[in-house]
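1. Have a look; sequence and predicted model below, questions after that.
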Amino acid sequence: MEWITVIAAFLQRAILQGTPLLFGATGEIITEKSGNLNLGIPGIMYVGAISGVIGSFVYENSGADFIPIVGVLVAFVSSLIGSLLVTLIYCFLTISLRANQNVTGLALTTFGTGLGNFFGGSLIKITKSSVPFIALTDTGKAFKTALPFAKSLGWVGTLFFSYGFLVYLAVILAIVAAFVLKRTRVGLHLRAVGENPATADAAGINVTKYKYFATCIGGMIAGLGGLFFIMDYSMGIWSNNGFGDRGWLAIAIVIFAMWKPDLSIFASYLFGGLYILYNYLNTSMQMIPIIQMLPYVVTILALILISVRKKRENQPPAALGLSYFREER
Amino acid sequence: MEQTRSVRTEKKRSEPLFHITKRSTVTLAQAILIRAIAILAALLLCALVTVVLTGDNPISVFITVYKGAFGTGRTLVTIHDIAILLCVSLAVTPAFRMRFWNIGAEGQTLIGGLATALVMFFLHDTMPTLPLVLLMLAAGIAAGMLWGVIPAFFKAHWNTNETLFTLMMNYVAIQLIEYFLKIGDKSGSNVVGPALLGEGIPNLFGVQYLFNILVVALLTVVLYVYLNYSKHGYEIQVVGESENTARYIGIDVKKVIIRTMLLSGAICGLAGFLIVGGASHSINASIVGGRGFTAIMVSWLGKFNPITMILTTLLLVFLGRGADEISTQFGLNSSFSNILTGIILFFIIGCEFFIRYQVHFNHSRRKDERTKAKETPNTTEDA
Amino acid sequence: MSNTIALQLKGISKSFGSIRANRNVDLELFHGEILAMLGENGSGKTTLMNMIAGIYYPDEGQIFVDGEEAVIRSPKDAFGYKIGMIHQHFKLVDLFSATENIVLGIEDGEPYRLADAEKRVREITEKYGFEMDPRKKIYNMSVSEKQTVEILKVLYRNADILILDEPTAVLTPQETQKLFAVLRRMRADGKSIIIITHKLHEVMAISDRVAVMRRGEHIATVETAETNETELTEMMVGKKISLNIDRDEPQGSIDRLEIRHVCCVSAEGVRLLDDINFTARAGEILGIAGIAGSGQRELLEAIAGLQQLESGEILYRNPKTEETEELRDKTPQQIRDLGVRLSFVPEDRLGMGLVGNMDIIDNMMLRSYRHGRSLFLDRKKPHELADQIIASLEVVTPSAQTPVRRLSGGNVQKVLVGREIASSPTVLMAAYPVRGLDINSSYMIYRLLNEQKRNGVAVIYVGEDLDVLLELCDRILVICGGKVSGLLDARTATKEQVGLMMTKVGGGD
């Protein structure tokens, strides 16, 4: 039974590593399905994290008694609001003002990453607080609360029941997104907008509305990935650039999962596993970067493969990256 | 009849308040004015944000910014910063003119830097300076070309999405550098420095960075001429504007894509060579520091024109260094400059809309359509 | 056919800028009939139908549906009146199945169940005899299947009035027969159908009545049973109008370009060119007449090295070396390297012939920039050429540095034709070179083509105005459905002769 415990522990850590990626990937898939290539997702994830941190910071230092459920709600809602606000900048520029999506997205990533690190590094100074560093341990604990019986179930408990609620939410959101895209009218219309906005427009679908909604919802979901990373994975302790390049990894997963949210669950955990694989392999420290390179190499291979095979269902949305203007000649 | 008519007026009211058309012409003066207003508005907002966060008065904030960029002993560093960012921006420009969205400049530059560092690492005390520098240059450029041509090859033959491909290549390059750091320096630090790499490019006339600055200045002119006055530059533009026309006049589109990305990658590699060989004399994954991404915005904001790009680079570097100074002085986090850069970029990106499109408010239009709608039933009764 | 009116148009007029597309049109459509709309290109048929379908809104006039005045401002409004139009350019999402495309945009408040929708689609297909798998993806479909999806879209929305814009243009004869069978079943079901077509034999085969349009006006509506193809042709083309275009006798005509058994198939498997044979001679203008989309574009592009051939030969007799060169399967560059001086004024001026965002000088260079060994461009000669063309062809432009997209249509065309002529070609191909041009610019183009003819160039002129073809050209090749349907001497041929050949597959008379 020893080996099964080890595997369960590895999978558990892979799932923890994969969860922020899953949020990001689900958000980006929903966004890209509307034809918007949002390269601002890495920045939005930073904003989602820092907004939650700011909310919690204010709450934890307000002097009021800490109630876990309120703590979680405050962080959750502030995260959503923060992500929504910055995503709206992207939406306004690319959808209403038809700006170049690549440039806008990258600018948003610069802005969002800056916003995260700036407030992460200066929050104490700005609020003239007396604490030495940001450690939202109460909120972190509340986010990490797992099902009480998890510990008594051995490896089954470790693998399936040992997580905070955001891990389950990530999976649920991915499944719901897959369902909505595949089986509902809204999903059909959204896919039409991303594939062929002119046809969608002619069919009476409000292209602008769909693009706005999809991008904003996608941004908010991605922001939760940042929140999970800081509150649950890092137990409420902020460190600058701690989130690293996970935002780009999330975009890689979108390609690897061929724009399918259900597949992205497995892809996220796979990439999460690759991220920590070196701990379990008997390799030298030197090989760590090579192992961490794997997700990107695998994604490039996937990208090449889908373009060479030309299977239509696996292609990026046909209108991805293009702004839509009805009167365009 | 009565009912249809009322339905019609109802419809009118739900029409949007304005409609948008593409501008057919915009004079240079108009375009400059729109951009100037946008930059001014952005700077005002930046100032406001700074004042709120620091509590300082606006004038001394401005003085701090200026000092940060051009204070004593800083001018040279600032000019070097401009040169390096400009170099990477020049690199992506030929590709962008061709509408090939190369967002892999970060990786192409890093890999150029890595190749340069490898040459220095293994050969720095085995040969005289000149051949060493030439070898570093060749290695840097070759590596950059390789990193650029891989996505181009797949784009040309299978139309593989180049945006996503080049993006992923960045992270492969970063991990390769991490790997080299682990091997190169057994002490486990995150940087391989001058002790292991040697001194690289010597100072020209005893002035630090002069070599880099001169190379980029020359490159700017050369690239400007190449893009606007050479046959290659002309082909790049035709392919970017219309592949149909390119085929009509017999341009080999695949060849142009690959050739142009070789050039784009080569200039990135050159930038990597300049950074590692001529400035940092060390290598780690953050020597390019996001310039590969900023370059995309510089090039786009400068309308893919090397000369205009000097100005956009200047603006961003000036602001960045100024913001750094503010954050140091007020004990704030250095990412402050990213926030200000973001604000400026949003405004400039947004203002392009008003250069390309015209907004007509339907105020008056709606009115005369309503009168028209009233007239139409009248003709009915006449008929 | 019943005698109750389903749709009535009264005094409909529509202008686009200075062009009057429709002038005071009255039209009636009965319940349970098939009405054919007949007319040449640009006669205003499609514009008129677009107003019924809600794409355009008429400047003047009224539309009545079942006797009630209807206000149709959008395709949605049109569906509200049970009117649906099947356009020539399909609006479909390639990645979706037939059913997904059919239900796209429907917000009926019902729960979304694709299986139910598929069932309804099946019911409709069975009722009218379509062959269609509701689950088939659009990208796997032939053109005729895509058209079926468009028709199903309209039927699914319960349309009683269907408008089909040239539905047979993209179909094989067998597919056309199937479509007609479906249309007859719809008619039996009480639906009213308007079908736009150029092909007279189809008009005779399918319609109950024929409405003929000419230059934006409704000429007449006649019972199909009481008319014949000759009479319809006369109504459609009108009386011959004298244009007084100069025409010289061809001087010492030598064969320059020989097209032998050329065949070509589209990516979708539709046969675009079917055994085309003809010879273009130096010092004459060869006109190519045909309904739009009969293979003219593919033919010219094949000669220019832009279209892959399935079989056949394209032979060029080099006047200098007297040698014969095979141009088939060569790129434009390879053709030029052979010393073949081929000029081509394509139909798509700003999308192919010119680069809209470049100025006149840079557009002059498109053909010539490769000259010389220098790595750099020589803008001096193109600048001179630009100035010369601006002066001699009276191009209205602020300067030679103006981007061509800012010029008016006529001036764009002068720039393009001027450039193509400047390379002193031995073969000059021009596709619809006077389309959209005003009278003066048109005559300028005719004059230029005649000059080329006098200089011994083999000119190939693809046109749509029969009067122009008959007065400008020396010989006229008529093509129909990718096949040659006749070769006429332009000096003796009549308009009716050409018109009949254009609309009749394989028929010479």
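-> Sure thing, it's come through. Small disclaimer: the values here were computed from a predicted structure and weren't measured.

2. can we go C-alpha only for contacts and neighbour counts from here?
-> Will do.

3. Where does pLDDT dip in the chain?
-> Let's take chain A. Low-confidence segments of chain A (pLDDT under 70): A:1, A:130, A:132, A:326-329.

4. I was thinking of chain C, sorry if that wasn't clear
-> In the prediction, chain C carries residues with pLDDT under 70 at positions C:1-2, C:18, C:240-242, C:268, C:504-509.

5. try 50 this time
-> Counting by pLDDT under 50, chain C contains low-confidence residues at C:506-509.

6. Around chain B, pick out the residues from it.
-> Contact residues (CA under 8 Å from any CA of the partner chain) of chain C with chain B: C:60-62, C:68-71, C:306, C:331-333, C:351-355, C:357, C:366-367, C:369-370, C:375-377, C:406.

7. Among the residues you listed, which lie within helices?
-> C:Pro332, C:Gln333, C:Leu366, C:Arg367 (DSSP state H).

8. Weed out the non-buried ones from the residues of chain C next to chain B.
-> Buried residues within these, counting neighbours by 16 or more other CA atoms under 10 Å in any protein chain shown: C:60-62, C:69-71, C:306, C:331-333, C:352-355, C:357, C:366-367, C:369, C:376-377, C:406.

9. Write out the residues of the stretch 151-300 of chain A neighbouring chain B.
-> Listed as neighbours of chain B in the stretch 151-300 of chain A under the rule CA under 8 Å from any CA: A:252, A:285-290, A:292-293, A:296-297, A:299-300.

10. Please convert the buried members of those into PyMOL selection syntax.
-> Buried members of these, defined by 16+ other CA under 10 Å, are picked up in PyMOL with:
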select buried, chain A and resi 252+286+287+288+289+290+292+293+296+297+299+300
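
11. With adjacent residues omitted, what lies nearest to C:Leu500?
-> Using CA to CA, 6 or more residues apart in numbering or on different chains and skipping the chain neighbours, the partner closest in space to C:Leu500 is C:Thr233 (6.8 Å).

12. I'd like to know how many residues surround the one you found.
-> A count of neighbours around C:Thr233, defined by other CA atoms under 10 Å in any protein chain shown, yields 23.

13. in which helix or strand would I find it?
-> helix C:229-237 (DSSP states H and E).

14. Point out the other helices and strands that that helix packs with.
-> In terms of contacts (3 or more CA pairs under 8 Å, 6 or more residues apart in numbering or on different chains; DSSP states H and E), helix C:229-237 is packed against helix C:200-206, strand C:209-214, helix C:495-502.

15. where's the residue nearest to C:Leu500 relative to chain A, distance?
-> Per CA to the nearest CA, to the nearest Å, C:Thr233 is found 35 Å from chain A.

16. Now do the contacts for that residue.
-> Going by CA atoms under 8 Å, 6 or more residues apart in numbering or on different chains, C:Thr233 touches C:Glu496, C:Gly499, C:Leu500.

17. same check, this time on C:Gln251
-> The neighbours of C:Gln251, taking CA under 8 Å, 6+ apart as the test, are C:Gly283, C:Glu284, C:Arg454, C:Gly456.

18. mind putting those residues in a markdown table, distance to chain A and neighbour count included?
-> Shown next, in a markdown table, are the contacts of C:Gln251 (distance: CA to the nearest CA, whole Å; neighbours: other CA atoms under 10 Å in any protein chain shown):
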| residue | distance to chain A | neighbour count |
| --- | --- | --- |
| C:Gly283 | 38 | 28 |
| C:Glu284 | 37 | 29 |
| C:Arg454 | 39 | 19 |
| C:Gly456 | 39 | 21 |
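
19. In strands, which of those residues fall?
-> Judged by DSSP state E, strands contain the following of those: C:Glu284.

20. so can I have TSV of the contacts of C:Gln251 showing distance to B:Leu164?
-> Output for these, formatted as TSV (distance: CA to CA, whole Å):
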residue	distance to B:Leu164
C:Gly283	55
C:Glu284	54
C:Arg454	56
C:Gly456	54
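
21. quick check, nearest of the contacts of C:Gln251 to chain B?
-> Comparing the contacts of C:Gln251 against chain B with CA to the nearest CA places C:Gly456 closest, at 23.7 Å.

22. wait, the closest one sits on C:Ala282?
-> Yes - between C:Gly456 and C:Ala282 there is a contact under CA atoms under 8 Å: 5.2 Å.

23. residues shared between the contacts of these two?
-> The contact lists of C:Gly456 and C:Ala282 share C:Thr426, where a contact means CA under 8 Å, 6+ apart.

24. just checking: which of the buried ones among the residues of chain C next to chain B also lie near chain A?
-> When CA under 8 Å from any CA is applied, no member of those is adjacent to chain A.

25. In strands, which of these appear?
-> Reading strands off those with DSSP E, I get C:Glu60, C:Gly61, C:Gln62, C:Glu69, C:Ala70.

26. check contacts around the first one.
-> In this case it means C:Glu60. By CA under 8 Å, 6+ apart, C:Glu60 lies in contact with B:Thr376, C:Gly11, C:Ile12, C:Ser13, C:Lys14, C:Asn24.

27. Neighbours of A:Ala177, how many?
-> 20.

28. do the one 5 residues further on as well
-> For A:Lys182, the count of nearby residues is 14 (other CA under 10 Å).

29. just B:Thr163 next, same as before
-> Using other CA under 10 Å, B:Thr163 has 17 other residues around it.

30. ok, now the one 5 residues further on?
-> In terms of burial, B:Met168 registers 26 neighbours under the definition other CA under 10 Å.

31. Repeat that for the one 10 residues further on.
-> Burial of B:Glu178 is recorded as 24 neighbouring residues (other CA under 10 Å).

32. correct me, but A:Thr19 touches A:Tyr269?
-> Yes - assessed by CA under 8 Å, A:Thr19 is found in contact with A:Tyr269 at 7.3 Å.

33. This completes my enquiry, with thanks.
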